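1. Just need the structure, nothing else, for what follows:
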Amino acid sequence: MKQLEVTILGQSYLLGCPEGGEVQLQAAVATVDQEMSAIRDAGKVKARERMAVLAALNLAYRLADKGAAATRPKHTPSADEHIEDEAMLEWLIERLDSTLGDDGRLL
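-> Numbers count the residues shown, from 1 in each chain. Below is the predicted model of the structure:
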């Protein structure tokens, strides 16, 4: 395993990387750096650790949503189902936002 020096939010990290995995690791680093920069630039979160947690949650949510989209039924929901889904999604987002408090919004 080789080591690769990367930079996230202006800070250098030395990471272990399997042979041939450099491109994937660099892509992952770029994604994390973009996500953390967006959170920092929103100005609501100052602590690097909290930015990292929010970035990880955002990325994990997108990954889970992408996986769920692949397994969702291919039918178009009725108007009632659509309203129920939107209400549930709004409730979940409000619950996450209230848990995060002043640190910033998840979405």
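2. and the longest helix along the chain, how far out from the chain's middle?
-> Counting by DSSP state H, the longest helix found in the chain is helix 48-71. Taking the mean of its C-alpha atoms, helix 48-71 sits 3 Å from the chain's own mean (C-alpha atoms, centre = their mean, to the nearest Å).
3. what do you get for stretch 13-31?
-> Remark: stretch 13-31 is offset 18 Å from the chain centroid, using C-alpha atoms, centre = their mean.
4. Now do that stretch: everything it contacts.
-> With C-beta atoms under 8 Å, 6 or more residues apart in numbering as the test, stretch 13-31 has contacts from 1-8, 59. For the C-beta atoms, the positions are set from N, CA and C on the backbone; glycine is no exception.
5. same question for it, mean pLDDT?
-> On average, the pLDDT along stretch 13-31 is 92.
6. Next: stretch 91-107.
-> Taken as a whole, stretch 91-107 has a mean pLDDT of 63.
7. what does stretch 57-69 give?
-> pLDDT averaged over stretch 57-69 gives 83.
8. Pull out the CA atoms of that stretch and give them to me as CSV.
-> In CSV, the C-alpha atoms belonging to stretch 57-69 read as follows (Å, rounded to 0.1, in the frame of the first residue of the first chain):
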residue,chain,number,x,y,z
LEU,A,57,-23.9,13.0,6.4
ASN,A,58,-24.7,14.8,3.1
LEU,A,59,-22.6,12.4,1.1
ALA,A,60,-24.0,9.3,2.9
TYR,A,61,-27.5,10.6,2.3
ARG,A,62,-26.8,11.1,-1.5
LEU,A,63,-25.3,7.6,-1.7
ALA,A,64,-28.3,6.0,0.2
ASP,A,65,-30.7,8.0,-2.0
LYS,A,66,-29.0,6.8,-5.1
GLY,A,67,-29.2,3.2,-3.9
ALA,A,68,-32.8,3.6,-3.0
ALA,A,69,-33.6,5.1,-6.4
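9. Many thanks, have a good one.
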